[in-house]
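1. just need the structure, nothing else, for what follows:
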Amino acid sequence: MPLDALPPMQHGSVGLRLVRARDARTLQRELLENRAWLQPWEATIPGGVATFDMRVSIRRLLQQYRDGAGYPFVMECDGEIAGQLNIWGVSRGSLCSATIGYWVSERFAGRGITPTAVALATDASFEQYGLHRMEICIRPENQASIRVVQKLGFRYEGLRRRFIHIDGDWRDHYAFALTREDVPEGVLRRWVQGRAPRDAGAIPSAGAPGQ
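-> Sure, this is the predicted structure:
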């Protein structure tokens, strides 16, 4: 898939565009400067050593994009890189589903960048990329990310125990999802107009780890 086939997206000051090789230095600097902020939520490899070679990471992400397995973006605020958002694990055929993962620099947190970017990416997935279901899995401890999906009306679908290797161990995750039929008007429009269901992402007490 050619790299120029994915147009950038914009809503207000928030932009979402395909990651580029020349973003490596900026992204690597942001990751290193935000270690304490990001490390508790970073995916790791069992028995592996964490590396921060963004050039290698971007090459892999772009190859996945060319192979149709993912859509790797940078999030921008007023033209400045604020973080990354990746649509990964793309399944076609009878599933037509994928997962969203993201991180944002601490200095950009709390400014509505992440929910806007997630809404843009989900709408593009449903309207342009031919997907039917989008999932976001979040550690129970990550209240900021949970608030993002709850704001957007993602539906809580359960607890996945020891689901992803994060920060050096297998961690429980809550699963949230939307299907195309849930948001015929679009995720972004529904949220901006204040019509996202407030209780869709509510987590029942029975879904909490250890219960």
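2. and the nearest residue to residue 151 once chain neighbours are set aside, how far from residue 162?
-> Leaving out its chain neighbours, the residue that sits closest to residue 151 by C-beta to C-beta, 6 or more residues apart in numbering is residue 115, at 5.2 Å. All C-beta spots, glycine's among them, are computed from the backbone N, C-alpha and C. To residue 162, residue 115 is 28 Å away according to C-beta to C-beta, to the nearest Å.
3. ok, these two, which is more surrounded?
-> It is residue 115, of residue 115 and residue 162, that has more neighbours when counted by other C-beta atoms under 10 Å, with 19 against 10.
4. can you list the buried residues in stretch 12-30?
-> Neighbour-count burial for stretch 12-30, counted by 16 or more other C-beta atoms under 10 Å, picks out 14, 15, 16, 17, 18, 19, 23, 24, 27, 28, 30.
5. ok, these vs residue 146, which is closest?
-> residue 14 (20.0 Å; C-beta to C-beta).
6. which element is the residue nearest to residue 151 on?
-> helix 113-127 (DSSP states H and E).
7. can you pull the buried residues of that helix?
-> Of the residues in helix 113-127, 113-126 count as buried by neighbour count, 16+ other C-beta under 10 Å.
8. try stretch 189-202
-> By neighbour count with 16+ other C-beta under 10 Å, stretch 189-202 contains the buried residues 190, 191, 196, 200, 201.
9. can you tell me the SS state at the second one?
-> Spelled out, it's residue 191. In three-state terms, and counting by DSSP: H, G, I helix; E, B strand; the rest coil, residue 191 is helix.
10. mind checking how far it is from residue 147?
-> The value you get for residue 191 to residue 147, if C-beta to C-beta is used, is 13 Å.
11. in this protein, which spans are helices?
-> Under the criterion DSSP state H, the chain carries helices at the ranges 24-33, 35-38, 54-66, 113-127, 143-152, 187-192.
12. got JSON lines for the ones you listed, with mean pLDDT and distance to residue 78 too?
-> Listed next are the helices of the chain as JSON lines, based on pLDDT from 0 to 100; distance: least, C-beta to C-beta, whole Å:
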{"stretch": "helix 24-33", "mean pLDDT": "95", "distance to residue 78": "15"}
{"stretch": "helix 35-38", "mean pLDDT": "90", "distance to residue 78": "20"}
{"stretch": "helix 54-66", "mean pLDDT": "95", "distance to residue 78": "22"}
{"stretch": "helix 113-127", "mean pLDDT": "98", "distance to residue 78": "10"}
{"stretch": "helix 143-152", "mean pLDDT": "96", "distance to residue 78": "20"}
{"stretch": "helix 187-192", "mean pLDDT": "98", "distance to residue 78": "18"}
